[in-house]
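A.B. asks: no sequence on hand, only this structure:
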């Protein structure tokens, strides 16, 4: 069997697990996703592998894209500290906090620079929401030439239909989909 990756050339990239996340997700709850992502982050840290926690942040929201839309999103009612990573992720001083202004984590950020300078060639990706930030970041990573492992139960969508579409039609064309337990097992030296 083939080893899934080299832990020293692999980074965990976690999308938008910050205080503004809501409760209306499927097929996994926000709590399940945070729990699985935190388990991955803890294990990556133990292996001295890179952990990048990506968040959306803005001082005044004027730097967030505002295109004209056929289907506008709901109004933003952002609570105090909305852009902070959730405490369950147990942020450490070795983590890289990447701040983005749009769905994807590569455009306009230092993510690619930080990965390349560390010799990273593989990304384990998770977060919220599957069909927006996770999918966009996965496509960007693919276009940048990274190998992708998609932690399917450490991400969730706004709907099960949206999550499943990306899982079934996009992810198989750009990476390998695995469960959190499969990834944790591979990190402990087992092959998939």
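C.D. replies: Alright, I've got the coordinates. This structure is a prediction, so every number in the text was calculated from the model and none was measured. Residues are numbered from 1 along each chain as shown.

A.B. asks: give the pairing partners of the lengthiest strand in the chain; include direction for each.
C.D. replies: For the chain, the strand with the greatest residue count under DSSP state E is strand 147-156. Strand 147-156 has the following strand partners under DSSP bridges: strand 122-128 (parallel), strand 176-178 (parallel).

A.B. asks: can I get those in JSON lines with distance to residue 52 and mean pLDDT?
C.D. replies: All C-beta atoms are positioned from the backbone trio N, CA, C, and that covers glycine. As requested, those are exported to JSON lines (distance: least, CB to CB, whole Å; pLDDT from 0 to 100):
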{"stretch": "strand 122-128", "distance to residue 52": "9", "mean pLDDT": "98"}
{"stretch": "strand 176-178", "distance to residue 52": "18", "mean pLDDT": "97"}
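
A.B. asks: and of those, who's closest to residue 91?
C.D. replies: Nearest of the strands paired with strand 147-156 to residue 91, taken as CB to CB: strand 122-128 at 14.5 Å.

A.B. asks: need the next SSE after that closest one, C-terminal direction.
C.D. replies: Under the assignment DSSP states H and E, the closest C-terminal helix or strand after strand 122-128 is helix 135-143.
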